[in-house]
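Engineer: could you look at this predicted model? Sequence included:
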Amino acid sequence: MALTTVSEQMREDSTCSYDETTSWKNKPGQNISVLVDSTIREGALLKALGDKYTRTILLSIIDEPKSVIDITREQNIPISSAYRKIHWLENSHLINVKGFVITNDGKKYHLYQSRIKAVRISLATNAIQIEFTSNNGKTYNPSSQEQEIPID
């Protein structure tokens, strides 16, 4: 498990406070966990490649980070679908936020980039074998490592 950044909205929310146990506490006493599994699962990768929009989004952001608005304009994806797919890809650890842009009118847009640069899928006798290369150049084989790969 790796600690990931809590959303900016939660940081700015005055009803929440951070404690040393790596969780956010709602002032009335409700805990909100911020520990998230940072592994890529074989099933999530196959599901992403099998969906037209998620595959298009991943291909669009391999080489450079882009905002959802840029992706929708370039790839002709409906904005609501793009946000839904980006959210799913981020929760599946297939993409991550590489920064943000603030426009002249004060709007803030996150820039997303694929964590995967290449994928190789092969059919073995009784299994599907997957090998992928992360955007930092390391090669991983989730099939040989209990279907979960921690990536940097």
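Structural biologist: Now that the structure is in, tell me what you want to look at.
Engineer: burial count for Asn76?
Structural biologist: 8 (other CB atoms under 10 Å). Placement of C-beta: from N, CA and C, glycine included.
Engineer: and the pLDDT for it?
Structural biologist: In this model, Asn76 is scored at 95, pLDDT.
Engineer: next one: Ser114
Structural biologist: Listed pLDDT for Ser114 reads 93.
Engineer: so what's it bridging to?
Structural biologist: Taking DSSP bridges as the rule, Ser114 bridges to Ile95.
Engineer: just checking, it touches Ile95?
Structural biologist: Yes. Between Ser114 and Ile95 there is a contact at 5.4 Å, judged by CB atoms under 8 Å.
Engineer: for these two, list the residues in contact with both.
Structural biologist: In the contact map built from CB atoms under 8 Å, 6 or more residues apart in numbering, the residues linked to both Ser114 and Ile95 are 58, 61.
Engineer: Thr54: neighbour count?
Structural biologist: Residues contacting Thr54 under the criterion other CB under 10 Å number 23.
Engineer: and it, what does it touch?
Structural biologist: With contact taken as CB under 8 Å, 6+ apart, Thr54 is in contact with 47-48, 85, 88-89.
Engineer: can you tell me the SS state at it?
Structural biologist: When the structure is split into helix, strand and coil by DSSP: H, G, I helix; E, B strand; the rest coil, Thr54 lands in helix.
Engineer: TSV please, covering the contacts of Thr54 and showing pLDDT and neighbour count.
Structural biologist: Supplementary listing: the contacts of Thr54 in TSV, determined by pLDDT from 0 to 100; neighbours: other CB atoms under 10 Å:
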residue	pLDDT	neighbour count
Lys47	88	14
Ala48	88	23
Lys85	96	23
Trp88	94	18
Leu89	94	23
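Engineer: and the two most separated of these?
Structural biologist: Set against one another by CB to CB, the contacts of Thr54 have their most distant pair in Lys47 and Lys85, with a gap of 11.1 Å.
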